[in-house]
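> Generate a structure from the sequence data that follows.
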Amino acid sequence: MPTARKRSELLDISEPTTGFSLFYVFLWVIIQYGQETDKNLPKTSRLRRWYAGSYEDIADIKGRHMDKTRFKGILDEFPPKFNGLKGLAEVLRRALFPIRDESLFTGTYRDPEKLYKPMIDAFSRVIAKHTEREGDEKGGMGETN
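Numbering: from 1, shown residues only. You can find the predicted model right below:
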């Protein structure tokens, strides 16, 4: 009988797959739930192919969508209200799928810091920019903690 996993094991970010999963969910949520009326994934969405076929088929299509040129097609699916997150998505894509030896690297990082530091820095920059913008909108009276 399987034993229950501790919460700390479920949230273990030392596993490189956590970053990839976060990235895929980030894209999915923006594209699916960012729609104004229909909260279903658009029928023409490239993301529909991410969950069709065998594991190998899915891994292959996701990998191809991470190519710089094809990723632009994913970004084109962002609803207008999330256009400000396209830069973050691109930074995350580059951190997770860098070019090595003239091709897209889809291997595993030996040092999780090499994967997570650029991701954390990217999120921090977007949060800081958003906080700064909120402060400007309030007439420079943004809250500080």
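
> how about the longest helix anywhere in the chain: buried residues?
Among the segments of the chain that qualify as a helix by DSSP state H, the longest is helix 112-137. Neighbour-count burial for helix 112-137 flags Pro112, Leu115, Tyr116, Pro118, Met119, Ala122 (criterion: 16 or more other Cβ atoms under 10 Å). (C-beta placed from N, C-alpha, C; glycine too.)

> I'd like the average pLDDT over that helix.
The average pLDDT within helix 112-137 is 82.

> Where does the prediction get shaky in this protein?
Counting by pLDDT under 70, the ranges of the chain that qualify are 1-17, 106-109, 137-145.

> in it, which spans are strands?
99-100, 103-104 (DSSP state E).

> Those strands into a markdown table, with extra columns for distance to Asn83 and mean neighbour count?
Compiled in a markdown table, those are given as follows (distance: least, Cβ to Cβ, whole Å; neighbours: other Cβ atoms under 10 Å):
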| stretch | distance to Asn83 | mean neighbour count |
| --- | --- | --- |
| strand 99-100 | 25 | 10 |
| strand 103-104 | 25 | 12 |
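
> Relative to Trp50, which of the ones you listed is closest?
Nearest to Trp50 among the strands of the chain is strand 103-104; the distance by Cβ to Cβ comes to 16.4 Å.

> Given the closest one, what are its sheet partners and their directions?
Strand 103-104 has the following strand partners under DSSP bridges: strand 99-100 (antiparallel).

> so how far is the strand it pairs with off the chain centroid?
Mean-position distance between strand 99-100 and its chain equals 19 Å (Cα atoms, centre = their mean, to the nearest Å).

> returning to what we had before: could I get the strands of the chain as CSV with distance to Lys62?
Formatted as CSV, the strands of the chain follow (distance: least, Cβ to Cβ, whole Å):
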stretch, distance to Lys62
strand 99-100, 17
strand 103-104, 11
